[in-house]
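> Turn this into a model:
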Amino acid sequence: SPVTPMSVVTSLQASNMPAIIIGRLIQAASNFRNGHTGQLSAVSVFLLFAGSLARIFTSLQETGDTLMALTYVISSACNGVIALQVLYYWNSSPERKKKSE
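Have a look, this model is predicted:
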């Protein structure tokens, strides 16, 4: 659209990356600190991870925009960390952690 300059669109798109990173890393740190993922839905986590992986390929194929693809690569990496935590803490729960202390 000629209404918004491309530099503004690129800046807004790039400013999304710190929010993605900070949000997911706060969640990962909280999971690590608690020693479990709490009530985090494994299905939702794996769907988010798979969806962000798929978005890498579709954004490259449909738009060719490397900044958009990079955003999805970063999102996939952060979602992958959370997915790995779900697998790692699969049988952990707040009750089991309290009993072991």
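
> for this protein, what spans make up the helices?
Counting by DSSP state H, one finds helices in the chain at the ranges 6-34, 42-62, 66-88, 94-100.

> Deepest in the core, which of the ones you listed is it.
helix 66-88 (a mean of 17; mean count of other C-beta atoms under 10 Å). For every residue, glycine as well, the C-beta is placed using N, CA and C.

> Low-confidence ranges, this structure, go.
Residue ranges of the chain with pLDDT under 70: 1, 93-101.

> how about 80 then?
Across the chain, residues meeting the criterion (pLDDT under 80) sit at 1, 92-101.

> Any idea which residue is closest to the centre of it?
Asn79 (3.2 Å; C-alpha atoms, centre = their mean).

> In contact with Phe49: list those residues for me.
Phe49 makes contact with 76, 79-80, 82-83, according to C-beta atoms under 8 Å, 6 or more residues apart in numbering.

> typo on my end, it should be Leu60
Applying C-beta under 8 Å, 6+ apart, the residues contacting Leu60 are 66, 69.

> that older thread, identify the farthest-apart pair in the contacts of Phe49.
The largest separation in the contacts of Phe49, counting by C-beta to C-beta, is between Ser76 and Ile82 at 10.8 Å.

> coming back round to it: wait, isn't the residue nearest to the centre of the chain in contact with Gly23?
No. With contact defined as C-beta atoms under 8 Å, Asn79 and Gly23 do not form a contacting pair (10.7 Å).

> now the residue nearest to the centre of the chain: how far from Pro5?
Distance, Asn79 to Pro5, by C-beta to C-beta, to the nearest Å: 31 Å.

> just to revisit the earlier point, ok, now which ones touch the residue nearest to the centre of the chain?
With contacts defined as C-beta under 8 Å, 6+ apart, the neighbours of Asn79 are 24, 45, 48-49, 52.

> Skipping its backbone neighbours, what lies nearest it in space?
If you skip the residues right next to it in sequence, Asn79 has Phe49 as its closest partner in space, 4.2 Å away by C-beta to C-beta, 6 or more residues apart in numbering.

> now do Leu53
Ser76 (5.1 Å).
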